[in-house]
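**Student:** With the input below, show me the fold.
(2 chains)
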Amino acid sequence: MKSTFKILGACLVAGIMLTACSEPPEIAAKAAKRPDVAPYMGADNGFMTKGWTPGDQASWAEAINKRNQRQSEYSRVK
Amino acid sequence: MARMKFICDTERCIECNGCVTACKNENEVPWGITRRRVVTVNDGIIGQEKSISVACMHCSDAPCMAVCPVDCFYRTDEGVVLHDKDICIGCGYCSFACPFGAPQFLSTGAFGVRSKMDKCTFCSGGPEANGSVAEFEKYGRNRLAEGKLPLCAEMCSTKALIGGDSEVISAIYAKRVSVRESNGRYPSTDIFGWSTAYGPSGSPAPTPTPAAKIPGAKS
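**Tutor:** Residues are numbered from 1 along each chain as shown, chains lettered A, B, ... in the order given. So this is what the prediction gives:
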């Protein structure tokens, strides 16, 4: 009987000690990955280019594509 | 959806380091970290010198993402590999995994203390609000959200470094290769890129270096 109490006591102590190894929920929440905002939503500063509407993915893609083509001198110099 | 990539044309790169300077200035990268650098092979050998501008390649199957123990990396819908500095613990696993040496750390403290990891963001910031001061201080400019492309590529004087949607930039590069071929340079270039990199079709396969010639190698 005594040994059973000893084992149960040891388990209780081990359980209490192991709770110290767990991660508090506030730390776990802080380490959670944050969602990034898509670039077509625009930037909150004064450096935005003109010719596209923030929030409109198609217009952003078109603006980026136009800008991309500027890297080809074959399309710039004819 | 676009898949953002860089291509560096070694036939055009003149090792001016303009891309390196532009990156450092635009993103206010601290001393000790170089997100982009120019690597030159056969330096000083006339006719054989080739330079290439290297940064994060924003791999489709990024090894840095695979090894990160705290899973701080994420890939945007545009195919840009980014990371969250608030989660990064500076362990350095990503720098060992990356074949391009893109992830870098500041080590200014005693006992080899490392900072949070820093790398090229394809000028698209991090998880903070687009264009915010907090984002700029941690990751640099978010040019994609401003409707622009990475500055290193946009300001390259010889247009050796081109960046943007992979399909668009590979089409630009393919056009260059076909023009070179029609001008008599690199004849019999079958498919763009590959023949330039590995020699024209019919080239003998490279012979591996004998173990006896490699210092310390076991035969």
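
**Student:** contacting residues for residue 17?
**Tutor:** Using chain A here. Applying C-beta atoms under 8 Å, 6 or more residues apart in numbering or on different chains to A:M17 gives no contacts. Yep, even glycine has a C-beta here, placed from its N, CA and C like the rest.

**Student:** My question was about chain B, not that one.
**Tutor:** Counting by C-beta under 8 Å, 6+ apart, B:N17 has contacts B:V38.

**Student:** let's see 10 Å
**Tutor:** B:K24, B:R36, B:R37, B:V38, B:S51, B:S53 (C-beta atoms under 10 Å, 6 or more residues apart in numbering or on different chains).

**Student:** now the helices: where do they sit in chain A?
**Tutor:** Along chain A, counting by DSSP state H, helices occupy A:2-19, A:25-30, A:57-69, A:73-76.

**Student:** Can you tell me which of those is packed in deepest?
**Tutor:** Highest mean neighbour count among the helices of chain A (mean count of other C-beta atoms under 10 Å in any protein chain shown): helix A:57-69, with a mean of 17.

**Student:** Remind me what that one packs against, helices and strands.
**Tutor:** For helix A:57-69, the elements it packs on are helix A:73-76, helix B:151-154, strand B:161-165, helix B:166-182, judged by 3 or more C-beta pairs under 10 Å, 6 or more residues apart in numbering or on different chains; DSSP states H and E.

**Student:** Let me have the ones you listed in CSV, extended by mean pLDDT and distance to B:R12.
**Tutor:** Converted to CSV, these look like this (pLDDT from 0 to 100; distance: least, C-beta to C-beta, whole Å):
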stretch, mean pLDDT, distance to B:R12
helix A:73-76, 80, 11
helix B:151-154, 96, 12
strand B:161-165, 93, 9
helix B:166-182, 85, 8
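
**Student:** Of these, flag the one that's most buried.
**Tutor:** strand B:161-165 (a mean of 25).

**Student:** That one pairs with which strands, parallel or anti?
**Tutor:** Neighbouring strands of strand B:161-165 in its sheet, by DSSP bridges, are strand B:4-8 (antiparallel).

**Student:** tell me the angle of the strand it pairs with relative to helix B:166-182?
**Tutor:** For strand B:4-8 against helix B:166-182, the angle by axes from the mean of the first three to the mean of the last three C-alpha atoms, to 10 degrees is 20 degrees.

**Student:** Pull out the buried residues from strand B:4-8.
**Tutor:** For strand B:4-8, a neighbour-count test (16 or more other C-beta atoms under 10 Å in any protein chain shown) marks B:M4, B:K5, B:F6, B:I7, B:C8 as buried.

**Student:** Give me the most central residue, chain A.
**Tutor:** A:R34 (3.2 Å; C-alpha atoms, centre = their mean).

**Student:** Could you list the low-confidence segments of chain B?
**Tutor:** For chain B, applying pLDDT under 70 flags the ranges B:1, B:112, B:187-209, B:218-219.

**Student:** how does it divide up, domain by domain?
**Tutor:** Following automatic domain parsing, chain B resolves into domains at B:4-154, B:168-198.

**Student:** Quote the end-to-end distance of stretch B:81-90.
**Tutor:** Distance between the two ends of stretch B:81-90: 17 Å, counting by C-alpha to C-alpha, to the nearest Å.

**Student:** anything in that stretch near chain A?
**Tutor:** Yes - against chain A, stretch B:81-90 shows contacts by C-beta under 10 Å from any C-beta of the partner chain at B:L82, B:H83, B:D84, B:D86, B:I87, B:I89.

**Student:** Now the residue nearest to the centre of chain A: closest residue in space that isn't a chain neighbour?
**Tutor:** Here the nearest residue to A:R34 in space, its sequence neighbours aside, is B:P127; by C-beta to C-beta, 6 or more residues apart in numbering or on different chains that works out to 4.2 Å.

**Student:** Provide a list of residue ranges in chain A with pLDDT below threshold.
**Tutor:** Within chain A, the stretches with pLDDT under 70 are A:1, A:20-33, A:77-78.

**Student:** Closest residue of it to chain B?
**Tutor:** Here chain A gets closest to chain B at one residue, A:A43, 2.8 Å apart by C-beta to the nearest C-beta.

**Student:** Contact partners for that residue?
**Tutor:** A:37, A:54, B:125, B:129-132, B:135, B:141-148.

**Student:** Give me the nearest residue to it, chain neighbours excluded.
**Tutor:** Distances taken as C-beta to C-beta, 6+ apart put B:G131 closest to A:A43, at 2.8 Å, once the chain neighbours are dropped.

**Student:** separation between B:A97 and B:K5?
**Tutor:** Plainly put, B:A97 is 19 Å away from B:K5 if you go by C-beta to C-beta, to the nearest Å.
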